[in-house]
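A.B. asks: Predicted model follows, preceded by the sequence.
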Amino acid sequence: MSLQGKCPALVDLCLPQGATWDTKFAWESGGTAVDLTGYAARMDLRASAEAASATVSLSTASGTISVNSSGEIQLNYPAVSSATITAATYLYDLELESGSGNVRRLIEGKAVVSREITR
């Protein structure tokens with residue numbers, strides 16, 4: 001029997017307070033881009049894994065994440081919104097859901113929201 005691991009990649013992020021969060025990721029399998037047509041993406045930042053509510057929620061439904069047929073996942077969080085987030089270290093993960101309902105947690109890690117100095 002062969003088991004294929006599907007653990008999410010560990011990726012720590014720096015998300016500057018008061019700046020546009022426009023980080024881009026690419027999902028490839030065997031060196032080929034995964035077509036994300038019909039996929040929904042969602043990502044929460046929480047103070048801890050046990051926190052009842054998210055500090056920030058991004059998703060394709062809200063327009064704060066976009067995906068495309070070239071396997072690209074792009075954050076689209078505006079500066080005016082990030083300016084209101086308390087500078088701190090959060091935990092996050094990014095999930096993708098296919099049109100058939102299969103969910104995959106692609107990446108996870110720490111997200112450091114660094115304090116804006118120039119305001």
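C.D. replies: Good, I have the coordinates.
A.B. asks: Sketch out the low-pLDDT regions of this protein for me.
C.D. replies: Flagging of the chain using pLDDT under 70 yields the residue ranges 1-5.
A.B. asks: ok, which stretches of it are strands?
C.D. replies: 9-10, 13-16, 24-26, 28-29, 32-33, 40-46, 56-59, 65-67, 72-75, 88-97, 103-114 (DSSP state E).
A.B. asks: Mind checking those for the one nearest to Ser81?
C.D. replies: strand 56-59 (8.1 Å; C-beta to C-beta). To be clear about C-beta, it is placed using only N, CA and C from the backbone, and glycine gets the same treatment.
A.B. asks: Relative to that closest one, what are the paired strands and their orientations?
C.D. replies: strand 40-46 (antiparallel) (DSSP bridges).
A.B. asks: which of the strands of the chain sits most buried?
C.D. replies: Neighbour counts averaged per stretch over the strands of the chain are highest for strand 40-46, at a mean of 20; criterion: mean count of other C-beta atoms under 10 Å.
A.B. asks: angle of that strand against strand 88-97?
C.D. replies: 160 degrees (axes from the mean of the first three to the mean of the last three C-alpha atoms, to 10 degrees).
A.B. asks: End to end on stretch 72-79, go ahead and measure it.
C.D. replies: 21 Å (C-alpha to C-alpha, to the nearest Å).
A.B. asks: and stretch 13-29, C-alpha only, in CSV?
C.D. replies: The C-alpha trace of stretch 13-29 is given here as CSV (Å, rounded to 0.1, in the frame of the first residue of the first chain):
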residue,chain,number,x,y,z
LEU,A,13,3.8,35.7,5.5
CYS,A,14,4.6,39.3,6.3
LEU,A,15,1.5,41.4,5.7
PRO,A,16,2.2,45.1,6.2
GLN,A,17,-0.5,47.1,8.1
GLY,A,18,-1.8,49.9,5.9
ALA,A,19,-0.5,48.4,2.6
THR,A,20,-2.3,46.4,-0.1
TRP,A,21,-1.9,42.7,0.5
ASP,A,22,-1.3,41.4,-3.1
THR,A,23,0.7,38.3,-2.4
LYS,A,24,0.6,35.7,-5.1
PHE,A,25,0.9,31.9,-4.9
ALA,A,26,1.1,29.2,-7.6
TRP,A,27,-0.1,25.7,-7.3
GLU,A,28,1.7,23.1,-9.4
SER,A,29,1.5,19.3,-9.5
